[in-house]
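Visitor: based on what follows, work out the 3D shape:
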Amino acid sequence: MEILKIPKMEKEEYDQIIRECHVSRIAFKGADFPYIAPFLYVFDGKYLYFLSTRYGRKIEYYRSNPSVSVEIEQYSPDLSTFRFVSLQGRLEEIEDPSDSVQVRRRFVDMMRSRRLSPTVMSALGHSPGDPPEKILGEERNLVWKLVGVKDIVALKNA
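Guide: The predicted structure is shown next:
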C-alpha cells in the first residue's frame with residue numbers, strides 16, 4: 001500500500017496564503033513541552049510581524065530561546081480544501097520606536113480593512129471598547145519580527 005503524500009506549494013502560493021490570512025500559531029520551546037499560542041500577524045511581503053502582550057509564558061519562553069515555529073493555515077469548513085505553511089526561524093524584538101509605530105500602523109490598517117471584531121483588542125491587552133488606534137500610542141505590546149527563517153514547509157491537499 002502506497003501512502004499518498006500531500007503536495008507542496010510554490011513560494012507564490014504560500015505567500016498568497018500568508019497575505020490572505022491574519023491569524024497564526026507560534027510554537028515556543030517550553031520547559032518540558034512546546035508551548036503554542038495564537039497570534040495576529042501582518043506581512044510586508046518579506047517579513048511576518050506579531051504583536052505580543054508583555055505578560056504570560058510566551059515572554060519567558062521567548063527570552064530563553066527566540067527560536068520558534070510559526071504555522072498559518074487556510075481551510076474550508078468541511079476540510080475539503082486545506083493549505084498550511086510552517087516557518088521555522090527566530091523572533092526578534094523591534095526596539096526602534098519609529099519602526100515599531102510603522103508595524104503597529106500595519107496592524108491597525110489590517111484590523112480595520114478586515115473588519116475584525118473589537119473583541120480582538122482584548123488579545124492585545126486593551127479593552128474591547130478601545131479603538132485599534134490605541135495600539136499606536138501605548139506600549140502595551142512587544143513588536144516581534146520573524147527572521148532567520150531556516151525551513152518552510154507549505155502543503156496543500158489539491
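Visitor: beta partners for Leu142?
Guide: Following DSSP bridges, Leu142 is listed with bridge partners Ser52.
Visitor: if I look at it, how far off is Pro66?
Guide: Leu142 sits 12 Å away from Pro66, going by CB to CB, to the nearest Å. Where C-beta positions appear, they are placed from N, C-alpha and C, glycine not excepted.
Visitor: next one: Met9
Guide: In terms of CB to CB, Met9 sits 26 Å off from Pro66.
Visitor: kindly report the same for Ile3.
Guide: 35 Å.
Visitor: of those two, who's got more company?
Guide: Neighbour count, other CB atoms under 10 Å: between Ile3 and Pro66, Pro66 has more, with 18 against 4.
Visitor: correct me if wrong: the more buried one contacts Glu92.
Guide: Yes - taking contacts as CB atoms under 8 Å, Pro66 lies within contact range of Glu92: 6.9 Å.
Visitor: now do the SS call for Arg19.
Guide: helix (DSSP: H, G, I helix; E, B strand; the rest coil).
Visitor: same deal with Pro128?
Guide: coil.
Visitor: need the contact list for it.
Guide: Applying CB atoms under 8 Å, 6 or more residues apart in numbering to Pro128 gives the contacts Ser117, Pro118, Thr119, Met121, Ser122.
Visitor: got a pLDDT number for it?
Guide: Here, the pLDDT recorded for Pro128 equals 90.
Visitor: just among the contacts of Pro128, which is most surrounded?
Guide: Met121 (19 neighbours).
Visitor: distance of that one relative to Asp15?
Guide: 28 Å.
Visitor: how far off centre is the helix or strand bottoming out on mean pLDDT in the chain?
Guide: Here the helix or strand of the chain ranked lowest by mean pLDDT, DSSP states H and E is helix 134-137, holding a mean of 89. Distance of helix 134-137 from its chain centroid, counting by CA atoms, centre = their mean, to the nearest Å, is 19 Å.
Visitor: likewise for stretch 67-81?
Guide: The answer for stretch 67-81 is 12 Å, by CA atoms, centre = their mean.
Visitor: what's that stretch in contact with?
Guide: Counting by CB under 8 Å, 6+ apart, 17-18, 20-21, 23-29, 41, 48, 62, 82-91, 146, 156-158 sit against stretch 67-81.
Visitor: ok, Arg114 - how many residues close by?
Guide: 11.
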